[in-house]
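Trainee: With the input below, show me the fold.
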Amino acid sequence: MSWRHVIESYDLLDDPSVDGEAVAAYLRAQGADKPEVETVTGDKGSTDFVRLTIPGRRGRSSGGDAPTLSIVGRLGGLGARPEQIGFVSDGDGALTAVAAAAKLAQMHQRGDVLDGDVVIATHICPDAPTRPHDPVPFMDSPVDLDAMNVHEVDESADAVLSVDTTKGNRIVNVNGFAISPTVKQGWILRTSEDLLAVQQRVTGSLPTVLPLATQDITPYGNGVHHVNSILQPAVATAAPVVGVAVTTEVPVAGSATGATSLTSVEQTVRFCIEVAKDFGRGAVSFYDEGDFARLVERYGPMTVLQTQGRH
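Mentor: Alright, predicted model coming up:
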């Protein structure tokens, strides 16, 4: 179980003075080896990117051949101070990433070493701006999506889980979390049966899937509506990306406080950890390689959807 790490991480992040160094110190206390912190400044302020690699028994960091999983905690900010006081709903992506990193670091220290490397990244900003969005306001970020992808999406990863609060919509109406279909190089592929099975065993309930439109997987800045930034890592990698969406029954603004359900977050953390276990040992697949090859052969590449397209 991951409850202790979720509660400790929430207490750590629900602080107007929290920064990347405080998160790194917490992760080191859980047994993490050399978490990395980098401060990046944008047009609307600054944020601290935190990155940690949990080495696997057969991971590439140890000279092995087991696949690498990237877990990205995607968000605009942990707080919207001074406009809002406290931890905002949008922070659930970072909370999940930090808690999962802490749990995996402790597991590794105790001798429960996964087969493959796991790279976890997020950013820490307690005072991010907000911006209008339909049907509820979104959190904005001090830095743009390109900067986030540079610092959060690992180039060596064989697959990516992108965790993001996804409550500001009417297309997923359940308290808990949903997973998206797999997105790879501009293609929206079928939802992974393996990942659905992991979701079922973690929740004990029928799986919930986040529906995607093609425009949801295109880069921000092209003038079209996006469900949120959950699939933005997919524009920066050739690896398959699955969104892990922390959800609610009704639309909740990303800038809302008092809206984080630790029960939903804890389930999401366990899902990420279970996927990491199974992916490194080859027990789960994010997509069918044969299907993908046939799609590209018959219809051509869709990598244009990873770009801004025609201007």
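Trainee: which residues of this protein fall in helices?
Mentor: According to DSSP state H, the chain carries its helices in the segments 3-13, 20-29, 92-110, 145-152, 193-203, 262-280, 289-299.
Trainee: right, so of these, which gets closest to Ala256?
Mentor: Comparison of the helices of the chain against Ala256 by Cβ to Cβ identifies helix 92-110 as nearest, at 11.3 Å. In short, each C-beta sits where N, CA and C put it, glycine included.
Trainee: quick one on the thing from earlier: and the helices of the chain, which is most packed in?
Mentor: The highest mean neighbour count among the helices of the chain, using mean count of other Cβ atoms under 10 Å, belongs to helix 92-110: a mean of 26.
Trainee: where in the stretch 201-311 of the chain is pLDDT low?
Mentor: With pLDDT under 70 as the threshold, the stretch 201-311 of the chain has no low-confidence stretch at all.
Trainee: ok, now with 90
Mentor: The model of the stretch 201-311 of the chain has pLDDT under 90 over residues 310-311.
Trainee: quick one on the thing from earlier: closest one to Ala121 among the helices of the chain?
Mentor: Of those, nearest to Ala121 by Cβ to Cβ is helix 145-152, at 4.2 Å.
Trainee: angle of the closest one against helix 92-110?
Mentor: If you take axes from the mean of the first three to the mean of the last three Cα atoms, to 10 degrees, helix 145-152 sits at 10 degrees to helix 92-110.
Trainee: Make 14 the first number, not 1, from now on.
Mentor: Okay, using 14 as the starting number, the last item reads as helix 158-165.
Trainee: How far off centre is helix 158-165?
Mentor: A distance of 12 Å separates the centroid of the chain from that of helix 158-165, by Cα atoms, centre = their mean, to the nearest Å.
Trainee: returning to that earlier point: of the helices of the chain, which is nearest Ala191?
Mentor: Across the helices of the chain, closest to Ala191 is helix 206-216 (Cβ to Cβ), at 8.5 Å.
Trainee: okay, the angle between that closest one and helix 275-293?
Mentor: With the same axes, to 10 degrees defining the directions, helix 206-216 sits at 140 degrees from helix 275-293.
Trainee: can I get the CA coordinates of helix 206-216 in CSV?
Mentor: Extracted as CSV, the C-alpha positions of helix 206-216 are listed here (Å, rounded to 0.1, in the frame of the first residue of the first chain):
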residue,chain,number,x,y,z
GLU,A,206,-6.0,-4.7,-22.5
ASP,A,207,-3.0,-5.3,-20.3
LEU,A,208,-3.3,-1.9,-18.7
LEU,A,209,-7.0,-2.3,-18.3
ALA,A,210,-6.3,-5.6,-16.4
VAL,A,211,-3.9,-3.7,-14.1
GLN,A,212,-6.5,-1.0,-13.5
GLN,A,213,-9.1,-3.7,-12.6
ARG,A,214,-6.9,-5.4,-10.1
VAL,A,215,-5.9,-2.2,-8.5
THR,A,216,-9.4,-0.7,-8.1
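Trainee: Neighbouring strands - and their directions - for the longest strand along the chain?
Mentor: When every strand of the chain is counted residue by residue (DSSP state E), the longest turns out to be strand 58-67. Taking DSSP bridges as the criterion, strand 58-67 forms sheet pairs with strand 49-55 (antiparallel), strand 131-137 (antiparallel).
Trainee: rewinding a little: turn the helices of the chain into CSV, columns for distance to Val259.
Mentor: Putting the helices of the chain into CSV (distance: least, Cβ to Cβ, whole Å) gives the following:
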stretch, distance to Val259
helix 16-26, 12
helix 33-42, 19
helix 105-123, 4
helix 158-165, 17
helix 206-216, 13
helix 275-293, 5
helix 302-312, 28
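Trainee: Only C-alpha atoms, please: export stretch 183-193 in PDB.
Mentor: This file holds the C-alpha atoms of stretch 183-193, laid out as PDB (Å, rounded to 0.1, in the frame of the first residue of the first chain):
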ATOM      1  CA  ARG A 183     -18.100  16.200 -18.700                       C
ATOM      2  CA  ILE A 184     -16.700  13.200 -20.600                       C
ATOM      3  CA  VAL A 185     -15.500  11.100 -17.600                       C
ATOM      4  CA  ASN A 186     -18.000  11.000 -14.700                       C
ATOM      5  CA  VAL A 187     -16.400   8.800 -12.000                       C
ATOM      6  CA  ASN A 188     -14.500   9.400  -8.800                       C
ATOM      7  CA  GLY A 189     -11.100   7.700  -9.200                       C
ATOM      8  CA  PHE A 190      -8.900   7.500 -12.200                       C
ATOM      9  CA  ALA A 191      -9.200   6.600 -15.900                       C
ATOM     10  CA  ILE A 192      -6.700   5.600 -18.500                       C
ATOM     11  CA  SER A 193      -6.600   6.800 -22.100                       C
END
